[in-house]
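Enquirer: Fold the following for me, if possible:
(one chain, ligands or ions: 2)
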Amino acid sequence: MRLFHVPVIDIAKFAQGNDYERAAIARLVDDTFVESGFMVVVGHGIPPATIAAAKSAARTFFALPADEKLKYREAGQTSRGFFPKDSIASARYSENRDAPTDLMESYALSSPNSPPWAPNAVDSQTFSGANIWPKTPPQFRETFERYFDAVETLADQLMRMFALALRVEQDYFRDFFSPYQGVVRANYYGKLDQQPLPGQLRIGAHADLGGFTVLSADEGCGGLQIQDITGKWHDVNSPPDGFVINIGEFMQAWTNDRWRATRHRVLAPRSAAENTDRLTIPFFFNPDPDRYIECIPTCLDPGATPRHERFKVGDFRQHRLAQQQAVA
Ligand SMILES: O=C(O)CCC(=O)C(=O)O
Ligand SMILES: [Fe+2]
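Expert: Residues are numbered from 1 along each chain as shown. Ligands and ions are numbered 1, 2, ... in the order given. As a prediction, the model looks like this:
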């Protein structure tokens, strides 16, 4: 039986190394995505200060009084701005099943480099899906714009690495992501002051929708778990400067399920010692909503039928958002 673990992969040699070194990294990447759908990368070249500044700006925002934060709530029309506790149930969004809300507040931003896309807009003329920027802290916008630049450069490199790992030409995926939809979300899991509801987690079990996710984890990841095909949950660990990378459902469909959009969750604190607050910053790297996704040629055996029918990116995302909207 294969091991189920999340390796820490140093990708510095992908940018700087020779073809042999690049191919070796690509093989490792294929192995880990076949196995667990998750990896941790170090040697990514993003300065620690860029990550620290984004986390610090997010923490300053989440420490504001609730009524101040609610000024940046935008009632779900464009999926941007502040989401208070009890407004998201990831398990419902992803799996369309009744589930308690996540023990999380969040702040969602779209990439300054992505064109507006507002699938939920009542009136698409007035809602652009544009960002809502908080006034406090004043450097929030600048800090997150720098963060976007950094993770986009990393995502571009990962996209080429994935192409090599899947034995298609290096720029194979680029076209699908031109233009792309990038979403950064600051997830804040406050210290709990009361017992969670039965089954309530910091983030309910879900697979990520999208191409892939680049997550800046909290110290050591605390509470992040991924599920193997037998149903068993495994902790994910990351060094503080690592990014957790996981496959989303579009990449799973492209690879004809060779790579897995693995179910994951974040546990509620199980003890007083674990009851500390937690902040993570996932970056969801999504293809152009107008593009269609179907199995790539290298992932289909001769004569075989793809496991997923061709589908449109925007339709799939919209369908998922409708599931989420069932939450008050
Ligand atoms: O906070 C984490 O560790 C995971 C977050 C996550 O899975 C998500 O935002 O989709
Ligand atoms: Fe996730």
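Enquirer: Average pLDDT for whichever strand or helix holds residue 52, rounded please.
Expert: Using DSSP states H and E, the element containing residue 52 is helix 48-62. In this model, helix 48-62 has an average pLDDT of 97.
Enquirer: now do stretch 169-176
Expert: When pLDDT is averaged over stretch 169-176, the result is 93.
Enquirer: Please save the CA atoms from it in PDB.
Expert: Provided in PDB are the C-alpha atoms of stretch 169-176 (Å, rounded to 0.1, in the frame of the first residue of the first chain):
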ATOM      1  CA  GLU A 169       4.000  21.200 -22.800                       C
ATOM      2  CA  GLN A 170       5.100  23.700 -20.100                       C
ATOM      3  CA  ASP A 171       2.500  26.400 -21.100                       C
ATOM      4  CA  TYR A 172      -0.300  23.900 -21.500                       C
ATOM      5  CA  PHE A 173      -2.500  25.400 -18.700                       C
ATOM      6  CA  ARG A 174      -1.500  29.000 -19.100                       C
ATOM      7  CA  ASP A 175      -4.200  29.600 -21.800                       C
ATOM      8  CA  PHE A 176      -7.000  28.400 -19.400                       C
END
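Enquirer: which residues are in contact with it?
Expert: 156, 159-160, 162-164, 166, 211, 254, 287-288, 291, 293, 296 (C-beta atoms under 8 Å, 6 or more residues apart in numbering). C-beta here means a position set from N, CA and C on the backbone, and glycine is covered the same way.
Enquirer: I'd like those written out as JSON lines, with distance to ligand 1, pLDDT and neighbour count added.
Expert: JSON lines is the format used below for these (distance: C-beta to the nearest ligand atom, whole Å; pLDDT from 0 to 100; neighbours: other C-beta atoms under 10 Å):
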{"residue": "156", "distance to ligand 1": "21", "pLDDT": "94", "neighbour count": "15"}
{"residue": "159", "distance to ligand 1": "19", "pLDDT": "96", "neighbour count": "21"}
{"residue": "160", "distance to ligand 1": "24", "pLDDT": "95", "neighbour count": "19"}
{"residue": "162", "distance to ligand 1": "19", "pLDDT": "98", "neighbour count": "25"}
{"residue": "163", "distance to ligand 1": "24", "pLDDT": "97", "neighbour count": "19"}
{"residue": "164", "distance to ligand 1": "26", "pLDDT": "97", "neighbour count": "20"}
{"residue": "166", "distance to ligand 1": "23", "pLDDT": "98", "neighbour count": "22"}
{"residue": "211", "distance to ligand 1": "13", "pLDDT": "95", "neighbour count": "27"}
{"residue": "254", "distance to ligand 1": "19", "pLDDT": "98", "neighbour count": "26"}
{"residue": "287", "distance to ligand 1": "17", "pLDDT": "91", "neighbour count": "25"}
{"residue": "288", "distance to ligand 1": "21", "pLDDT": "89", "neighbour count": "18"}
{"residue": "291", "distance to ligand 1": "22", "pLDDT": "92", "neighbour count": "15"}
{"residue": "293", "distance to ligand 1": "20", "pLDDT": "96", "neighbour count": "21"}
{"residue": "296", "distance to ligand 1": "24", "pLDDT": "97", "neighbour count": "20"}
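Enquirer: now the helix or strand following the helix holding residue 52: how far from the chain's centre is it?
Expert: As assigned by DSSP H and E, the chain's next helix or strand after helix 48-62 is helix 66-69. Mean-position distance between helix 66-69 and its chain equals 26 Å (C-alpha atoms, centre = their mean, to the nearest Å).
Enquirer: Quick check: residues of the stretch 51-200 of the chain near ligand 1?
Expert: For the stretch 51-200 of the chain, the contact set with ligand 1 under C-beta under 6 Å from any ligand atom comprises 185, 187.
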